[in-house]
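> give me a model of this one.
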Amino acid sequence: MITWKHTIVGKMPAKPYIWIALLLSGWCPLWPQAGGPITWPTSNTAFMRGEDLSAFIQPTVSGRVTSGLYGCVRNDGFRFHEGIDLFPIFRTPNGEADEPVFAVMNGRVMHVNPVASRSGYGRYVVLEHTDADIPVYTLYSHLADIAEGVEEGVWLQAGDPVGGLGRSAAYDIPKSRAHVHFEIGLRIGNGFQGWYDQQDFTAPNHFGIWNGMNLVGFDPLAFFEAVRDGEFTSFHAHIQTFAELAVLRVHTSKIPDLIQRYPTLLTRPIEPGSGIAAWDIVFSQYGFPIRLTPWFAGELPARNGGSVELLSIDERLRAETRCWKSFSRSRDTYEVAAFMQRTLAILFEH
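Numbering: from 1, shown residues only. Sure, this is the predicted structure:
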């Protein structure tokens, strides 16, 4: 039986009527898992009851509910959306959202951006979930405020508030479209700042290694569906179900620090003292690294360091993924395009 999480009650916000309403409605948000419980990030129980997307997804001004989902869902398929947008069920008399956003798993607060104007995410919080078999991050953005006590280094339990659902951003979000933008995924590289400093960006990086350009996510709704339906066993197993867009071979002796943080993505171990010659990387259609295979010295013909080979590509997936500029095609020739170039540069720090 799923029971109410005492830490939630222990961190009750200033307006307890919301919590009383949730308790009276029978809201039990936690799914027990081997690596710790998992919960839905808002008060809305529609997803748990299997209701239609329109019962919990916040669309853009287009009104199309799919525009609040993950993937190539905006600007007629030409703009990528990194997460899912979830609307509130509680509002103040003047129409503002009035409810908490919850940590979906046990995790440590790694970054808090309290200044809404700095980012398209507005006020946002990033957690890292080291209890999980792969320490994924989760991101909660457009917050109206940051919950009391939520600061870098603090450990939160699944179901603890991270902030208030809102509409903060560097641009205007009307109160009618207040929502939390939720993401889940991996961090690409610890050397992100070095890469950032080499670019022609005019704005400083206020977000360190938790800048959105250093994060690569996967579909949160598919993850929650697997959890709800009892099909989720581990993040490793879930990631291996992703559709494979392409396999790249990168000729370099560098070992990406991503491997140190997510060693289960390796297909074979790296023996101490082994000379690395290249990496084969399987990418999902939105640039998520599904598997990495190291090649050792003498196993492959010598190639120039830093050269990249495209070993295979799913043309149907590439054509469908118009918004994610991973590979461009001219007749039968493919080239690594902007987003994939960025991922590789951050991954291998070159």
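> okay, strands next: where are they in the stretch 151-300 of the chain?
155-156, 161-164, 180-187, 215-217, 244-250, 276-284, 289-296 (DSSP state E, counting those that start in this stretch).
> make TSV out of those strands and add mean pLDDT, mean neighbour count and distance to L258.
Bear in mind the C-beta positions are built from the backbone N, C-alpha and C, glycine included. Output for these, formatted as TSV (pLDDT from 0 to 100; neighbours: other CB atoms under 10 Å; distance: least, CB to CB, whole Å):
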stretch	mean pLDDT	mean neighbour count	distance to L258
strand 155-156	97	18	24
strand 161-164	96	24	25
strand 180-187	98	24	7
strand 215-217	96	22	10
strand 244-250	96	21	12
strand 276-284	96	21	10
strand 289-296	96	18	7
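> reformat these as a markdown table; add distance to E82.
Shown next, in a markdown table, are the strands of the stretch 151-300 of the chain (distance: least, CB to CB, whole Å):
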| stretch | distance to E82 |
| --- | --- |
| strand 155-156 | 22 |
| strand 161-164 | 18 |
| strand 180-187 | 5 |
| strand 215-217 | 5 |
| strand 244-250 | 17 |
| strand 276-284 | 13 |
| strand 289-296 | 16 |
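> give me the neighbour count for Y70.
With neighbours defined by other CB atoms under 10 Å, the count for Y70 comes to 22.
> from P93, how far off is it?
Y70 is 33 Å from P93, where distance means CB to CB, to the nearest Å.
> got it, and W279?
Counting by CB to CB, the gap from W279 to P93 is 57 Å.
> all helices for the protein, in order.
Taking DSSP state H as the test, the helices found in the chain are 6-10, 17-24, 192-197, 220-228, 235-239, 257-261, 315-320, 338-348.
> looking at the ones you listed, spot the one closest to V154.
helix 6-10 (12.4 Å; CB to CB).
> state the mean pLDDT of that closest one.
Helix 6-10 shows a mean pLDDT of 35.
> going forward, the N-terminal residue is numbered 328.
Shifting the count to begin at 328 puts that one at helix 333-337.
> nearest spatial neighbour of Y451, skipping sequence neighbours?
S468 (3.7 Å; CB to CB, 6 or more residues apart in numbering).
> tell me the contacts of the one you found?
446, 448-452, 507-510 (CB atoms under 8 Å, 6 or more residues apart in numbering).
> just the pLDDT for it.
pLDDT at S468 comes out at 98.
> how close does it sit to S444?
13 Å.
> just P364 next, same as before
35 Å.
> go on, V463?
Distance from V463 to S444, by CB to CB: 28 Å.
> quick one, which of these two is more surrounded?
V463 (24 against 10).
> quick one: the more buried one and H456 touch, right?
Yes: if you go by CB atoms under 8 Å, V463 and H456 touch, sitting 5.5 Å apart.
> any stretches of the chain with poor pLDDT?
328-357, 361 (pLDDT under 70).
> if you set the cut-off to 90 instead, what comes out?
Scanning the chain for pLDDT under 90 picks out the ranges 328-363, 402-404, 598-602, 624-633, 647-649, 651-652, 657-659, 676-677.
> in contact with the closest residue to Y523 other than its chain neighbours, which residues?
The spatially closest residue to Y523, leaving aside those adjacent along the chain, is N532, at 5.0 Å (CB to CB, 6+ apart). Neighbouring residues of N532 by CB under 8 Å, 6+ apart: 520, 523, 538.
> report how many residues lie close to the second one.
It refers to Y523. 18.
> wait, it touches G535, no?
No: counting by CB under 8 Å, Y523 sits too far from G535 to count as a contact (9.6 Å).
> quickly list what L466 is bridged to.
Beta-bridge partners of L466, counted by DSSP bridges, are V453, E510.
> residues in contact with the residue nearest to A471 when sequence neighbours are not counted?
In space, and not counting its chain neighbours, A471 is closest to G493: 2.8 Å by CB to CB, 6+ apart. Contact analysis of G493 by CB under 8 Å, 6+ apart lists 423-424, 449-450, 469-472, 505, 507.
> if you set the cut-off to 7 Å instead, what comes out?
424, 469-471, 505 (CB atoms under 7 Å, 6 or more residues apart in numbering).
> now do F551
367, 374.
> what does L671 give?
577, 635.
> number of residues surrounding the closest residue to D458 other than its chain neighbours?
For D458, ignoring the flanking residues on the chain, the nearest one in space by CB to CB, 6+ apart is G363 at 4.4 Å. Counted with other CB under 10 Å, the neighbours of G363 add up to 16.
> pretty sure Q484 is touching V431, no?
No: using CB atoms under 7 Å, Q484 is not in contact with V431, being 10.8 Å away.
> nice, that's everything, thank you.
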